[in-house]
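>>> when you get a sec, could you give me coordinates for this:
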Amino acid sequence: MPTVALTPQQDGFYRGWASIVGGSTLAYQAVSDGSDATYLVLPKLSGALGIVSFPIFLMAGGLTPTSIQIIVRARLDSGAAPTMQVGFTRGGLVAFDAVVDALTGSILNFTHTFPTDILSGGAWMETDPVGLECCIQREAITLGAARIIQVSGSMIYSQDRAWRGTQAHSAQLE
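I've put the predicted structure just below:
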């Protein structure tokens, strides 16, 4: 099955970072290059702080996902053993994977695979990538801050419904 892999394309609805480090003024640019020189500091969840989101599949409207994978490259920034969760937001709904990632002083890649839409609980639909944002949340129960270094996503999609005859776009994604 065909796959499209993308990085964040703009800042999302949730903007609860404490700081953007490395010269970028936009959060999505700080988490798109994989360098530990540019990153977001994500504090403990408290009010509007501690949760960020990024649209990743803006160019994937019209594709029907069979699975979506989100990879967050992160490490401890400060404090003691912060944890985080990865999920999605769309249309005012927010849902997170049940897996809780524990950060250490080493840079780690945290991979989350979503074979179904956790926002609806059902199979992915053709309209689901529209308005979908990857969401990262620091948990409120642990102290410390997370360093979010890179965020990326890949979507395996059903080829039989891909782009409905728009061959120019299909060729760019495959």
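>>> ok, residues contacting stretch 31-45?
7-8, 16-24, 27, 29-30, 49-52, 54, 73, 77-78, 82, 84, 107, 136-140, 142-151 (Cβ atoms under 8 Å, 6 or more residues apart in numbering). In this view, the C-beta of every residue, glycine as well, is placed from N, C-alpha and C.
>>> now list the buried members of the residues you listed.
Neighbour-count burial (16 or more other Cβ atoms under 10 Å) is assigned, among the contacts of stretch 31-45, to 7-8, 16-18, 20-21, 24, 27, 29-30, 49-52, 54, 73, 77, 82, 84, 107, 136-139, 142, 144-151.
>>> low-scoring stretches of this structure, by residue?
1, 160-174 (pLDDT under 70).
>>> spatially central residue for it, please.
The centroid of the chain falls nearest to residue 134 when counting by Cα atoms, centre = their mean (3.2 Å).
>>> my guess is it meets residue 153, correct?
Yes. Counting by Cβ atoms under 8 Å, residue 153 is a contact partner of residue 134 at 5.9 Å.
>>> how about the helices in the protein?
Using DSSP state H, the helices of the chain run over 27-30, 167-173.
>>> which strand residues bridge residue 65?
Counting by DSSP bridges, residue 65 is bridged to residue 157.
>>> same question for residue 72.
According to DSSP bridges, beta-bridge pairing links residue 72 with residue 110, residue 151.
>>> got the contact list for it?
84, 86, 101, 109-110, 112, 136, 148, 150-151.
>>> how about 7 Å then?
86, 110, 136, 148, 151 (Cβ atoms under 7 Å, 6 or more residues apart in numbering).
>>> want to throw these into a markdown table with distance to residue 95?
Formatted as a markdown table, those follow (distance: Cβ to Cβ, whole Å):
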| residue | distance to residue 95 |
| --- | --- |
| 86 | 10 |
| 110 | 17 |
| 136 | 13 |
| 148 | 19 |
| 151 | 17 |
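>>> nearest to residue 116, of these?
The closest of these to residue 116 turns out to be residue 86 (Cβ to Cβ; 15.0 Å).
>>> pretty sure that closest one is in contact with residue 112, am I right?
Yes. Taking Cβ atoms under 7 Å as the definition, residue 86 is a contact partner of residue 112 at 4.6 Å.
>>> name the residues contacting each of these two.
70, 97.
>>> follow-up on the earlier one: overlap in contacts, residue 134 and residue 153.
Joint contacts of residue 134 and residue 153 (Cβ under 7 Å, 6+ apart) are 56, 70.
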